[in-house]
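> following is a predicted model, sequence given first.
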Amino acid sequence: MTFEVAGLVSGWELRLRELTGRVGHLFARPEPREVFHDLIEGLLSDLDKKNCWTLAQRAGHSHPGRMQAFLSRGAWSADALQTEVRAYVVERFGDPDGVLFLDETQILKKGDQSVGVAPQYCAATTRIENCQVVVMLSYAGPVGHAYIGRRLHLPKQWTDDPGRCRRAGVPAGVGFATKLDQAVDLLAEAVDAAVPFGWVTTDVEYGQHPRVRNWCAKNALSYVVAVSAALPLAQGGVAPGTVPVTCAGQVPTWITGGDWQRRTRVRGGGGGCHDEWTLISLGGDLRVGDESPADGFAHTLLVRRSVSDPGDLAYFLAHARRHTSAPVLLRVAETIGRIKEGDGRGDGLIGIDQYQVRTWTAWQHTVTACMFAHAFRAVLYADAATVLGRAAEDGATGRDRHAAHRQHPGD
């Protein structure tokens, strides 16, 4: 198995069999149920490349035909599987203060036949690449996080070409939608499914646009989103001769040293870095452009700067109930990097960026299966952390008892 925690959580093979069996009703016959289990087990394996050929070979199939047919032509619903994934994640990680995190991932492609592929911005290379763009929704609770929703973005090069869409199997009713619209759809889907959460978060790619922010405010939802230094601010009551604040990037210039508070940000490798934060309440004479918070809510601008490089600044906008404490807002803001980093590592391990499918149905099946594997892996990691935590507590207790025995040998 690809994760080192496998040895820490006993019976993971049985647990995986139970979980794939839990969704067995989605498949009409025993054979596709078994292929699905083989697929998930392969996605969780230590294979360097995870495509139908390698996954089939690992499962002992004589050729990739069964795996290819299951993904490309299988008569099962990817949306129904996504519903099961979401239920499993909420069952294991659900919390009233849970966090919904919006992000996107880009899958590099060589040809132009894969559904949705087009020259688009790729964050990994910071340039335009031939790729697919996937809008993803993650759910994070106190002990773990995993994907619960996905949307493949179809650029206008696709939706304006019915023949191309037809050849790729795109359903006739699927039209153009912006990535921001797809992000809002994912949030609405989670709300409709009664997913327990207290916060919406996203990185700057989505946070800097008012579309998601306005939808949250309209629905009285709390959020902390990353924004750019160009976030429009409007300042009233400016004294004559004074330059008004027009964007978030101007704010740090008038923050005094005593207004910054230091915190340690933990990184995935176990290390940490020191940051300083400051919070500025918005409203009255300083507000977010023409945006208004929901009744009983207030906007707060959070600014983070690196201790080692004070010029390294990041900005976050919070929309939360009035009197929400600063530590709560900071905790939510810090989850953004943690979730993004964790999801990125998980993508590589389960092969979400390695698939070789071209059609709409095959894409939906493949990516949703990857979400299933990602969720199982996340739960296993959370359980392993619990095991390690208990072992550490037991070790500390044992050391305390040993020390007490040394101090009181006559007791």
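Looks like it came in fine.
> output the below-cut-off pLDDT ranges for the chain.
Applying pLDDT under 70 to the chain picks out residues 1-9, 241, 265-272, 343-354, 388-411.
> what are the boundaries of the helices in it?
Assigned by DSSP state H, the chain shows helices spanning 12-22, 30-43, 52-59, 65-72, 78-93, 156-159, 162-167, 179-192, 204-207, 210-218, 326-350, 360-407.
> show me what the fourth one is packed up against.
This points to helix 65-72. Judged by 3 or more CB pairs under 8 Å, 6 or more residues apart in numbering; DSSP states H and E, the packing partners of helix 65-72 are helix 30-43, helix 52-59, helix 360-407. C-betas here are computed from N, CA, C, even on glycine.
> dump the helices of the chain into JSON lines; add distance to V288 and mean neighbour count as well.
JSON lines is the format used below for the helices of the chain (distance: least, CB to CB, whole Å; neighbours: other CB atoms under 10 Å):
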{"stretch": "helix 12-22", "distance to V288": "43", "mean neighbour count": "14"}
{"stretch": "helix 30-43", "distance to V288": "42", "mean neighbour count": "20"}
{"stretch": "helix 52-59", "distance to V288": "48", "mean neighbour count": "19"}
{"stretch": "helix 65-72", "distance to V288": "45", "mean neighbour count": "19"}
{"stretch": "helix 78-93", "distance to V288": "31", "mean neighbour count": "19"}
{"stretch": "helix 156-159", "distance to V288": "30", "mean neighbour count": "15"}
{"stretch": "helix 162-167", "distance to V288": "38", "mean neighbour count": "13"}
{"stretch": "helix 179-192", "distance to V288": "17", "mean neighbour count": "18"}
{"stretch": "helix 204-207", "distance to V288": "12", "mean neighbour count": "21"}
{"stretch": "helix 210-218", "distance to V288": "8", "mean neighbour count": "18"}
{"stretch": "helix 326-350", "distance to V288": "15", "mean neighbour count": "18"}
{"stretch": "helix 360-407", "distance to V288": "34", "mean neighbour count": "17"}
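> could you dump those helices into JSON lines and include distance to Q250?
Shown next, in JSON lines, are the helices of the chain (distance: least, CB to CB, whole Å):
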{"stretch": "helix 12-22", "distance to Q250": "51"}
{"stretch": "helix 30-43", "distance to Q250": "47"}
{"stretch": "helix 52-59", "distance to Q250": "53"}
{"stretch": "helix 65-72", "distance to Q250": "51"}
{"stretch": "helix 78-93", "distance to Q250": "39"}
{"stretch": "helix 156-159", "distance to Q250": "36"}
{"stretch": "helix 162-167", "distance to Q250": "46"}
{"stretch": "helix 179-192", "distance to Q250": "26"}
{"stretch": "helix 204-207", "distance to Q250": "18"}
{"stretch": "helix 210-218", "distance to Q250": "19"}
{"stretch": "helix 326-350", "distance to Q250": "20"}
{"stretch": "helix 360-407", "distance to Q250": "40"}
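> of these, which is nearest Y121?
helix 204-207 (9.0 Å; CB to CB).
> dump the helices and strands packed on helix 65-72 to JSON lines, plus distance to H299.
Output for these, formatted as JSON lines (distance: least, CB to CB, whole Å):
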{"stretch": "helix 30-43", "distance to H299": "42"}
{"stretch": "helix 52-59", "distance to H299": "48"}
{"stretch": "helix 360-407", "distance to H299": "32"}
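> out of those helices, the one nearest A314 is which?
Going by CB to CB, the one of the helices and strands packed on helix 65-72 nearest A314 is helix 360-407, 25.8 Å.
> could you pull up the residues touching the residue most central in space within the chain?
Centroid check for the chain by CA atoms, centre = their mean gives S138 as the closest residue, at 3.7 Å. Applying CB atoms under 8 Å, 6 or more residues apart in numbering, we find S138 in contact with 100-101, 103, 145-148, 339, 343.
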